[in-house]
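> Attaching a predicted model along with its sequence, questions to come.
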Amino acid sequence: QVQLVESGGGLVQPGGSLTLSCAASGTIFNIAVMGWYRQAQGNERELVAAITTSGATNYADFVKGRFTISRDNAKKTVSLQMNSLQPEDTAVYYCKSRLRTYFEGAYSDYWGQGTQVTVNS
């Protein structure tokens with residue numbers, strides 16, 4: 001059984017900052033990729049940023065230069081530092097991990113429950 005637990009969402013004013021964190025736990029053999037997605041009301045879920053075990057990163061164009069993703073492989077955590085937040089960043093942010101458990105031979109995607117980020121003055 002695998003769990004992804006997010007924390008750090010909330011309400012922030014435009015131009016402010018928030019840091020999201022996600023911790024993976026359970027019968028995890030290896031985590032290949034950890035990332036953050038977001039879904040605004042009425043929109044599809046979209047990639048925000050992702051990071052591999054080796055530290056290679058991928059960012060959506062709309063967050064480049066504002067958001068930074070980081071990862072602690074030993075602790076099985078991933079964080080998203082979000083700066084210069086704007087109202088259009090308002091969404092539910094989801095943590096996703098592509099991982100393999102001790103009981104499976106292939107990698108699968110696991111999702112957290114989501115955390116709300118609201119940018120509003």
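That came in fine, so what should we check first?
> Next one, pLDDT for Thr115 please.
Looking at Thr115, its pLDDT stands at 97.
> ok, now which ones touch the closest residue to it other than its chain neighbours?
Leaving aside its chain neighbours, Thr115 sits nearest to Gly9 (3.3 Å; criterion: CB to CB, 6 or more residues apart in numbering). Using the backbone N, CA and C atoms, a C-beta is placed for each residue, glycine as well. If you count contacts by CB atoms under 8 Å, 6 or more residues apart in numbering, Gly9 has them with 18, 20, 93, 115-117.
> Please repeat the previous calculation with a cut-off of 7 Å.
20, 93, 115-117 (CB atoms under 7 Å, 6 or more residues apart in numbering).
> Can you lay out those as TSV showing distance to Ile69?
TSV is the format used below for the contacts of Gly9 (distance: CB to CB, whole Å):
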residue	distance to Ile69
Leu20	10
Tyr93	12
Thr115	15
Gln116	19
Val117	15
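> Show me which pair in the residues you listed is furthest apart.
The span of the contacts of Gly9, defined through CB to CB, is set by Leu20 and Gln116 at 10.6 Å.
> quick one, which of those two is more surrounded?
Between Leu20 and Gln116, Leu20 has the larger neighbour count (other CB atoms under 10 Å), namely 25 against 11.
> which stretch of helix or strand covers that one?
Assigned by DSSP states H and E, Leu20 belongs to strand 18-26.
> wouldn't Gln3 be in contact with Ile28 here?
No. In this structure, Gln3 is not within contact of Ile28 by CB atoms under 7 Å, at 9.8 Å.
> Much appreciated, bye for now.
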